[in-house]
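Colleague: here is the input, now give the coordinates:
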Amino acid sequence: MKILQQRLHLALDVAHMAVWDSSLDNGKVVDSHVNWVGHGASLLGLPPEPLRQPFTGFLDCVHPDDRAALLEAMQDGVDRCGGYEVEYRVCWPDASVHWLAAHARAFCDEQGQPTGTLGIVWDVTLRKADELKTVRQRELAEITLRSIGEGVITTDQLGRTQYLNRVAEQLTGWSNEQAAGCDIGTTLRLVDEDGHATDEHIALQCLRQRQAVNACADSPLQLVTREGRHVAVEESAAPIWSDDGQLLGAVVVFRDVSHERKLSRQLSWNASHDALTGLINRHEFERQVAAALHTAKHEGHVHALLYMDLDQFKVVNDTCGHGAGDLLLQLLAKMLQTQMRDSDILARLGGDELGALLPHCPPERAMLIANQLRQSVKDFRFVWDSHAFELGASVGVVEINHNSKSMTELLIAADQACYLAKERGRNRVHLYRESDQRLAQRHGEMMWVSRLKEAFERRLFRLYAQPIVSLNSHNECHDEVLIRIQDGKGRLVLPGAFIPAAERYDMMTAIDRWVIRAVCHHIQTVRDSLNPEQAFIASHQSLPAQYSINLSGTSLGDEGLHDYILEQFGSYTVAPEQVCFEITETAVIANLPKAQAFMERLKLLGCRFSLDDFGSGLSSFAYLKSLPVDFLKIDGIFIRDIANNPINRALVKAINEVGHVMGIRTVAEYVEDGPTLAMVRELGLDYAQGYAVGALRPLTAGSD
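Modeller: Predicted coordinates for the structure are as follows:
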């Protein structure tokens, strides 16, 4: 017997258990005595030796919050002459708290009266700590799921809904209680943009493939809420695995992307349309012409291309301002569209240049339509304040057939036909023929090349300056330098008239070099005019950028331009910090590697750089971070109507914020009135340029 007791004690010690018993008086647990066998007392923090104590003494060791429940459980087991299982906390003399678990059995006499109890008890503190940790982790996970800004739904392995976080409840209209056990296709009902159900729900696809599944960008989906509303969402699903590798279900994460998709559609529309007239822009028009050319070559179709130049449009702009010119273009665009067939495509190609693509239209029919459009423009009367204007249109017509060579040559031919219509008296239509190309080319070369050469030889170029004014400092501003030609009658020719020709006939680099040299000479002249004290102060101050010089895309590819700039800086003792070079976004895109190298070399010297017409392309932000840019000049198409157009405001705000995050200052172009100026101030732009902050003024007389 003694050996058996020793083995029993050894087994209990190994299992970290102890045995206790009690004798009952009148069947009341509270009146009993507890006998702790072996090391059982150590579970109470007492010396590990046999211990007999009244139950009330034992109860004093129990945590106060657990005493009543423990006594009730024990008494209930005794009253039933059965057993009980309990877990409770005990407080040791050192004030530490431990968890104990006990299994006990009550003994009854022949009359069924309880006489005593016998049980085992063991320490479960570590297990309870693990359980509490797990509970806290689960609670933290649930709080996290409730707090994140995306909808989360979990399913079982059959795709039945188990849990929705707060955002998922709000987006779907289903509560956790309502959705529990429902098929995920019911809880998270997804359809395509046409309202058709998906072939396979993303959660079921995830469960079938047993791998994560992401949303397909080419097939955007919408969530149909419980109330029937459609919400654009972006979703993904991932499997849920148990520790032993069993597939337990799937978790679907989705978010409301209604605003992003609306903005994306707007950006896509802006990329292919002219913001002022709503017509498609040159890029999209060229794509449509290329598609028409493809059908002509491969299917034998015949189409027509029209190129229209509005006569007398400049008179409206000069007399009444750009606002009147903008309104005129809008009205003409709407009017011309009513004169065309449903299949015809009208586009704005430039300032006052329009293009039209007439599908499946032979030359004879195209000439009739072109003359109808020309007559409609001639009959149109535009009135602004007390001014009434009569316009005209010169139209070039080109046939698109299987012999047509390329989209570019078609557009050149249409431009040349339009040019001949203007040369022969304006307000007429001219059908392009092969012989026209040589005639137009010869006339164009003679006119533009000779006029530009004359401007160089007779020093007819003139520089003007328009201030770029800080919206944060009253004293800070710098000037953008603009070039003009003064003709023999003293009239100024705007760059829009000669820059395209200069680019076409490779004279743009020479013009850019002339401007750089003239500006450097002007800086020296201004410095030499200062008295000694002013010159001393100026030489000891940090020099801000004082002049912004426009560079063409052609000049970015000029290998010798960098050395030429350094030569001019040295010849006229110009600090590089005084000069900022402006490059258009389109020029940078077309010459990105060369533009990066060119800008980085001059940036090291201290020159500033401004990216002009920023925002006109969807790829703007993608390449911006790779360019050493100091200023962003936001495209004027977003600025002109910013006071009334919330979409333009949102785009300008986004560009401004991204620029500031990257440490780049922002400039608003075409700020021509008070409301526009107030709005760009409110949006936090750094600089403004336009007649609302400063008009053009002569910079040099061109004697350099």
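Colleague: low pLDDT regions in this structure?
Modeller: Along the chain, the parts satisfying pLDDT under 70 run over 1-16, 38, 134, 137-149, 217-218, 435-446, 531-545, 616-622, 700-704.
Colleague: if you set the cut-off to 50 instead, what comes out?
Modeller: Counting by pLDDT under 50, the chain contains low-confidence ranges at 539-540, 542, 618, 701-704.
Colleague: so what are the domain limits for it?
Modeller: Split into domains by automatic domain parsing, the chain comes to 2-129, 148-256, 265-432, 459-700.
Colleague: what would those look like in a markdown table with mean neighbour count and distance to S450?
Modeller: In this view, the C-beta of every residue, glycine as well, is placed from N, C-alpha and C. Shown next, in a markdown table, are the domains of the chain (neighbours: other CB atoms under 10 Å; distance: least, CB to CB, whole Å):
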| stretch | mean neighbour count | distance to S450 |
| --- | --- | --- |
| domain 2-129 | 16 | 94 |
| domain 148-256 | 17 | 54 |
| domain 265-432 | 18 | 15 |
| domain 459-700 | 17 | 11 |
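Colleague: to K453, which of those lies closest?
Modeller: domain 459-700 (8.5 Å; CB to CB).
Colleague: just to revisit the earlier point, ok, which of the domains of the chain comes nearest L452?
Modeller: Nearest to L452 among the domains of the chain is domain 459-700 (5.3 Å), distances taken as CB to CB.
Colleague: just how off-centre is the closest one within its chain?
Modeller: Averaging C-alpha positions (CA atoms, centre = their mean, to the nearest Å) puts domain 459-700 26 Å from its chain's average.
Colleague: with stretch 121-133 instead?
Modeller: Distance, centroid of stretch 121-133 to centroid of chain: 51 Å (CA atoms, centre = their mean).
Colleague: which other residues reach that stretch?
Modeller: 15-20, 40, 43, 87, 98-102 (CB atoms under 8 Å, 6 or more residues apart in numbering).
Colleague: can I get the domains of the chain in a markdown table with distance to W448?
Modeller: Listed next are those as a markdown table, based on distance: least, CB to CB, whole Å:
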| stretch | distance to W448 |
| --- | --- |
| domain 2-129 | 88 |
| domain 148-256 | 47 |
| domain 265-432 | 11 |
| domain 459-700 | 4 |
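Colleague: nearest to F614, out of the contacts of stretch 121-133: which one, please.
Modeller: Distances from F614 to the contacts of stretch 121-133, taken by CB to CB, are shortest for W99, at 66.9 Å.
Colleague: where does the residue lying closest to the closest one once chain neighbours are set aside sit: helix, strand or coil?
Modeller: Leaving aside its chain neighbours, W99 sits nearest to K128 (4.3 Å; criterion: CB to CB, 6 or more residues apart in numbering). Using DSSP: H, G, I helix; E, B strand; the rest coil, the structure places K128 in helix.
Colleague: same deal with P48?
Modeller: Here P48 takes the coil state, with states given by three-state DSSP.
Colleague: surely it is in contact with S42?
Modeller: Yes. Using CB atoms under 8 Å, P48 is in contact with S42, at 4.0 Å.
Colleague: one step back: mind listing which of the contacts of stretch 121-133 are in strands?
Modeller: M17, A18, V19, W20, E87, H98, W99, L100, A101, A102 (DSSP state E).
Colleague: can you list those in CSV and add distance to G606?
Modeller: Formatted as CSV, these follow (distance: CB to CB, whole Å):
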residue, distance to G606
M17, 83
A18, 85
V19, 90
W20, 89
E87, 77
H98, 74
W99, 73
L100, 78
A101, 78
A102, 83
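Colleague: quick one, helices of the stretch 1-150 of the chain?
Modeller: With DSSP state H, counting those that start in this stretch, the ranges of helices along the stretch 1-150 of the chain come out as 2-14, 55-61, 67-79, 125-147.
Colleague: need the next SSE after the longest one, C-terminal direction.
Modeller: Scanning forward in sequence from helix 125-147 by DSSP states H and E, the next helix or strand is strand 151-156.
Colleague: which of the contacts of stretch 121-133 sits closest to T666?
Modeller: Using CB to CB, W99 comes nearest to T666 of the contacts of stretch 121-133, at 64.1 Å.
Colleague: tell me how far K422 lies from G396.
Modeller: To G396, K422 is 9 Å away according to CB to CB, to the nearest Å.
Colleague: also L357?
Modeller: Relative to G396, and taking CB to CB, L357 is found at 13 Å.
Colleague: which residues do those two both contact?
Modeller: Counting by CB under 8 Å, 6+ apart, the shared contacts of L357 and G396 are L306.
Colleague: isn't L336 up against R374?
Modeller: No. The pair L336 / R374 is not scored as a contact, 10.3 Å apart, by CB under 8 Å.
Colleague: isn't I499 right up against Y505?
Modeller: No. The criterion here is CB under 8 Å, and I499 misses it with Y505 at 11.2 Å.
Colleague: the stretch 201-350 of the chain: helices as residue ranges?
Modeller: Going by DSSP H, counting those that start in this stretch, the stretch 201-350 of the chain shows helices at 202-209, 258-272, 282-299, 313-320, 322-338.
Colleague: can you say which of those helices is nearest to G553?
Modeller: Nearest of the helices of the stretch 201-350 of the chain (CB to CB): helix 282-299, 15.6 Å.
Colleague: on contacts alone, who are the packing partners of that closest one?
Modeller: Identification of packing neighbours for helix 282-299 by 3 or more CB pairs under 8 Å, 6 or more residues apart in numbering; DSSP states H and E yields helix 258-272, strand 303-311, strand 345-348, strand 353-358, strand 392-400, helix 407-423.
Colleague: much appreciated, bye for now.
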